[in-house]
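Visitor: How does the following fold in three dimensions:
(chains A and B)
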Amino acid sequence: MDRAATAEKIAALIEPFNKKGVAITDASTFAGDLEFDSLTVMDFVAAIEDDFDIIISMNQQAEIETYGQLIDAVVKLQG
Amino acid sequence: MTDLFSKFDPLIEMRAGLLATGVTDPFGMVMEKVLSPTVAVCNGRETILLGTYNYMGMTFDPDVIEAGKQALDDFGAGTTGSRVLNGTYAGHRAVEEALKEFYGMDHAMVFSTGYQANLGIISTIAGKGDYIVLDIDSHASIWDGCKLGDAEVVPFKHNDIEAMEKRLKRIPEGAGKLVILEGVYSMLGDIAPLKEMIRVAKENGAMVLVDEAHSMGFIGPNGRGVAEDQGCLDDVDFVIGTFSKSVGTVGGFCVSNHPKFEILRLVCRPYVFTASLPPSVVATACTSIRKLMHAGNKRAHLWENSKVLHQGLKDKGFQLGTDTPQSAIIAVIMPDLERGAAMWEALLKEGLYVNLARPPATPANMTLLRCSLCAEHSAEQVQTIIGMFERAGKAVGII
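Guide: Got it, this is the predicted structure:
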């Protein structure tokens, strides 16, 4: 799946977690802009993992701070 | 001033705010005198202890104390050495023999604390390129063990068998896999469906490590833990445990049937690069473990205590961590940290000590009053405890 299609899928997946309706760009950060706490991160990561049938390990999550980085990581993990 | 301590500012503020309300510092309590496994003098007042993990009340067992005194006389106050150098005494071997018998397993390795047992075993067996699949509610020592090793760490939702299975199936072909579970989860006192989870782990080619810190001595026909109780202990590759709960002293261990297990003594850094337990500690642990093999009556009384307290608190209108009593831990859920701290203080004034547990140590950001029962609590004490909870709960406005 290319970056555009992946981004479109992730945009749909993040919607229920974006409770404050923050306008999301590739530069949006999960901890800062989106105010995701550890529980939200876990549920959101699980939703992405299940949808794309991939693993995003804690080690990889530590490298992902922005929305754009997440999309790039998911594109890469799909191989 | 901004320096390396600035990252603690939010916590410093939160703590200052809480103490400004006039509440007693829940993390500054000192036990001035300990009268028995269930009673101490705290802040000048005789207090029933309901938050010690001293499940089997072995801390004051006369045989245990005698063994410790004898070892102090015979072997001195400490070993001043690593287990692999000058720190293995007869007592260290003896307590490992006792553990092998207790669990019916081939190998036992004793660490200086339970924390170090998880830190050492996990970081040593799961390295770079391996995958650790673990429950999100795992104890801090498990997470720290993951961090110390270099494995890929993949958490799944608490006790969710399907979520665990999906993650196991996505691990790349050929990678080493370790599943980490706990028998009893210490925050809510709930148990894991180990039989089913271990079956799934094995079907997917994973090794299994189970932390039975909160079940040893109490759960299972021989007190071997939740895996024994569910009939799946033979499928567990590594059991991690501690001497600081039912055994009544301090120390940690791993037991296993793995044929190459003994090599860990040479490669496990938290085992090698620290001093071994003092002779008096391993002597008390050894005596206690052997007595726990024949503690069926105490186990039965502890279950009775757990059931009575759970039902009693439920009847008074408290919200509990589990619908039914599953272990010797009963977690009372508080509406928020402020009222939790107020309730904790009200109980202390009644003469009852419980643990105040708060985020981030708790799941789902809950504030909990965690009660851990002891086989030495009398039936009368349990009734007294229920009365104390009722009065404090009404005073604070929780029930």
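
Visitor: Please make it C-alpha for all contacts and neighbour counts, starting now.
Guide: Noted.

Visitor: start to end distance for stretch B:314-321?
Guide: Using C-alpha to C-alpha, to the nearest Å, the end-to-end distance of stretch B:314-321 comes to 11 Å.

Visitor: hmm, I was thinking of stretch B:101-109
Guide: Stretch B:101-109 has an end-to-end distance of 13 Å (C-alpha to C-alpha).

Visitor: Name the surrounding residues that touch it.
Guide: By C-alpha atoms under 8 Å, 6 or more residues apart in numbering or on different chains, the list of residues contacting stretch B:101-109 from outside reads B:96-97, B:99-100, B:222, B:224, B:253-258, B:261-262, B:265, B:289-290, B:293.

Visitor: Averaged pLDDT, it. What do you get?
Guide: Averaging pLDDT along stretch B:101-109 gives 98.

Visitor: what do you get for stretch B:390-399?
Guide: 96.

Visitor: cool, and stretch B:165-172?
Guide: 97.

Visitor: near chain A at all, stretch B:170-185?
Guide: Yes. Judged by C-alpha under 8 Å from any C-alpha of the partner chain, stretch B:170-185 comes into contact with chain A at B:170-171.

Visitor: distance between that stretch and the chain's centre?
Guide: With C-alpha atoms, centre = their mean, to the nearest Å as the basis, stretch B:170-185 stands 21 Å off its chain's centre.

Visitor: end to end, how far does that stretch reach?
Guide: 26 Å.

Visitor: buried sites along it?
Guide: By 16 or more other C-alpha atoms under 10 Å in any protein chain shown, the buried positions in stretch B:170-185 come out as B:171, B:176-185.

Visitor: re earlier: of the contacts of stretch B:101-109, keep whichever come out buried.
Guide: Buried members of the contacts of stretch B:101-109, scored by 16+ other C-alpha under 10 Å, are B:96-97, B:99-100, B:222, B:224, B:253-257, B:261, B:289-290, B:293.

Visitor: Between those residues, which sits nearest residue B:42?
Guide: The closest of those to residue B:42 turns out to be residue B:289 (C-alpha to C-alpha; 28.9 Å).

Visitor: List the buried residues in the top helix by length along chain B.
Guide: For chain B, the helix that runs over the most residues, judged by DSSP state H, is helix B:296-315. Buried residues in helix B:296-315, defined by neighbour count with 16+ other C-alpha under 10 Å: B:296, B:298-299, B:301-314.

Visitor: do the same with stretch B:26-40
Guide: Buried residues in stretch B:26-40, counted by 16+ other C-alpha under 10 Å: B:26, B:37-40.

Visitor: So which of the contacts of stretch B:101-109 sit within strands?
Guide: Of the contacts of stretch B:101-109, the ones assigned to strands by DSSP state E are B:253-256.

Visitor: Pretty sure residue B:30 sits against residue B:42.
Guide: Yes. Using C-alpha atoms under 8 Å, residue B:30 is in contact with residue B:42, at 6.0 Å.

Visitor: picking up where we left off before, which of the buried residues of stretch B:26-40 fall in helices?
Guide: Using DSSP H, none of those sit in helices.

Visitor: tell me the least confident of these?
Guide: Minimum pLDDT across those is recorded for residue B:26, with 82.

Visitor: ok, that residue - contacts?
Guide: B:341, B:344-345, B:356.

Visitor: Closest one to residue B:274 out of those, please.
Guide: Nearest to residue B:274 among those, with distances taken as C-alpha to C-alpha, is residue B:356, at 31.2 Å.

Visitor: List the strands paired with the host helix or strand of that closest one, with their directions.
Guide: Residue B:356 belongs to strand B:355-357 when assigned by DSSP states H and E. According to DSSP bridges, strand B:355-357 forms sheet pairs with strand B:367-372 (antiparallel).

Visitor: relative orientation of the next helix or strand after the strand it pairs with and helix B:296-315 in degrees?
Guide: Following strand B:367-372 in sequence order, the next helix or strand is helix B:379-396 (DSSP H and E). Counting by axes from the mean of the first three to the mean of the last three C-alpha atoms, to 10 degrees, helix B:379-396 lies at 20 degrees to helix B:296-315.

Visitor: count of neighbours near residue 1?
Guide: I went with chain A, as the question did not name one. 12 (other C-alpha atoms under 10 Å in any protein chain shown).

Visitor: actually chain B
Guide: By other C-alpha under 10 Å, the burial measure for residue B:1, its neighbour count, is 5.
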